[in-house]
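Trainee: here is my input, please return the structure:
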Amino acid sequence: MTASTFTSLPTVRIALEWYLNPDHLPLLHAQAAARRDGALNIELVVPDDHYDGFAALAEGEVEAVVNEPLHLIEKHEEEVALQSLGTFFHTDGGVLITHAAQAMLKAGGSIRVASPVSNPVTDGLCQNILIGWMRKQSITVKPEQISVYEAGFDHIDNLQKGADAAWLAFANIEGVHAKLLGLPLDLCRTSDGDVPGFSALELIVDRNADATTKNNLQTLVQYLDKSVVALKADANAALELWYSASGETPSDLTHAMVNDTLTRFVAPVKADAARWQPIWDYMRTHGSDVVDAPTFAEIFR
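Mentor: Sure, this is the predicted structure:
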């Protein structure tokens, strides 16, 4: 099919959580397969801001959102009944922190942490993870020693420009990158700070979507399931797909990122309340503004 014929197909527009990266390979594979089969036109929308997708979903500008489960269970200003269609990617995540910053905290000093977003909920999680991690090393750290500021999505660039740490980092992307560069830092995972993990991507939709949209979304899920299996079965094809979609020049870094990422894809894609119950419990018992129990159950029904 030619590009001009894609628009004649049923369309599902998906707002991403940030810039296109290897985490999105199942979406790219599903996009190509569904278009080839003449079944569905999947459009991927790159946001300006991490939360843009939720506003776009509420306004009917997209049919689905990809974002971390943490943001799925938060309360939103937008009047839209969120529903999970499931997880297609689950990794380790947390704070990339330099050795110098660790020494500063241990000496009672303060550090500045770069993050794609900064608000009381996510800032508090970052602080709690680092405080918990330091506590395991018999070091007492106070929240005011850890200042989070908004600095965009490029964690490695932020670290190289002087940030003491980078929050909301993924092991398969920034963790791999930092290791290959030989940067003097560690990835403090959420679990290292006794915080339940949430570094994953959920496919999120409007529970009150019309029947046609719901049917198209089910087709999308079917293609995602097949795509995860296909990608894991052929790493070379996955690399070729990524290079074609991204326009990147082949490199050892990209090979390492993609190979690591392939191990973290999840299928079948299905709503799973048990997977995210621990982070919801943690958030609601630590003063965060998350959805109530009936809403949580409804999101994953």
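
Trainee: Leu27: what's it in contact with?
Mentor: Shown in contact with Leu27 (C-beta atoms under 8 Å, 6 or more residues apart in numbering): 14, 42, 44, 66, 88, 224, 227. (Each C-beta comes from the backbone N, C-alpha and C, glycine too.)

Trainee: nope, Asp123 is what I was after
Mentor: For Asp123, the contacting residues are 115, 148, by C-beta under 8 Å, 6+ apart.

Trainee: what packs against the top strand by length along the chain?
Mentor: Ranked by residue count under DSSP state E, the longest strand found in the chain is strand 82-90. For strand 82-90, the packing partners by 3 or more C-beta pairs under 8 Å, 6 or more residues apart in numbering; DSSP states H and E come out as helix 25-36, helix 69-73, strand 200-206, helix 211-233, helix 293-299.

Trainee: pick the most buried one from those.
Mentor: Among the helices and strands packed on strand 82-90, strand 200-206 has the highest mean neighbour count (mean count of other C-beta atoms under 10 Å), at a mean of 25.

Trainee: what bits of this structure have low per-residue confidence?
Mentor: For the chain, residues meeting the criterion pLDDT under 70 lie at 1-5.

Trainee: domain map for it?
Mentor: 3-90+199-299, 93-193 (automatic domain parsing).

Trainee: ends of stretch 68-83, how far apart?
Mentor: Stretch 68-83 has an end-to-end distance of 13 Å (C-alpha to C-alpha, to the nearest Å).

Trainee: tell me how far Ile131 lies from Thr122.
Mentor: 15 Å (C-beta to C-beta, to the nearest Å).

Trainee: and Pro196, what element?
Mentor: Pro196 belongs to no helix or strand when assigned by DSSP states H and E.

Trainee: may I have the secondary structure class of the nearest residue to it once chain neighbours are set aside?
Mentor: Leaving out its chain neighbours, the residue that sits closest to Pro196 by C-beta to C-beta, 6 or more residues apart in numbering is Pro278, at 3.7 Å. Assigned by DSSP: H, G, I helix; E, B strand; the rest coil, the conformation of Pro278 is helix.

Trainee: neighbours of Pro278, how many?
Mentor: Pro278 has 13 neighbours, counted by other C-beta atoms under 10 Å.

Trainee: repeat that for Asp252.
Mentor: 8.

Trainee: so what's it closest to, chain neighbours aside?
Mentor: Leu180 (6.9 Å).

Trainee: wait, a strand at that neighbour?
Mentor: No. Per three-state DSSP, Leu180 lies outside any strand segment and is helix.

Trainee: residues contacting it?
Mentor: 252-253, 256.

Trainee: His29: which of those residues is nearest?
Mentor: Relative to His29, the closest of the contacts of Leu180 is Ala256; by C-beta to C-beta it sits at 19.7 Å.

Trainee: which ones are touching the closest one?
Mentor: 176, 180.

Trainee: I'd like the distance between Ala58 and Ala209.
Mentor: Going from Ala58 to Ala209 by C-beta to C-beta gives 12 Å.

Trainee: actually, Gly94.
Mentor: Distance from Gly94 to Ala209, by C-beta to C-beta: 34 Å.

Trainee: next: Ala293.
Mentor: For Ala293, the distance to Ala209 - C-beta to C-beta - is 24 Å.

Trainee: same question for Pro278.
Mentor: Pro278 is 28 Å from Ala209, by C-beta to C-beta.

Trainee: also Arg36?
Mentor: In terms of C-beta to C-beta, Arg36 sits 25 Å off from Ala209.

Trainee: tell me the secondary structure for Ile14?
Mentor: At Ile14 the chain is in strand, as set by three-state DSSP.

Trainee: what residues are recorded as beta-bridge partners of it?
Mentor: Counting by DSSP bridges, Ile14 forms beta bridges with Leu44, Ala64.

Trainee: list the contacts for Asp292?
Mentor: For Asp292, the contact set (C-beta under 8 Å, 6+ apart) is empty.
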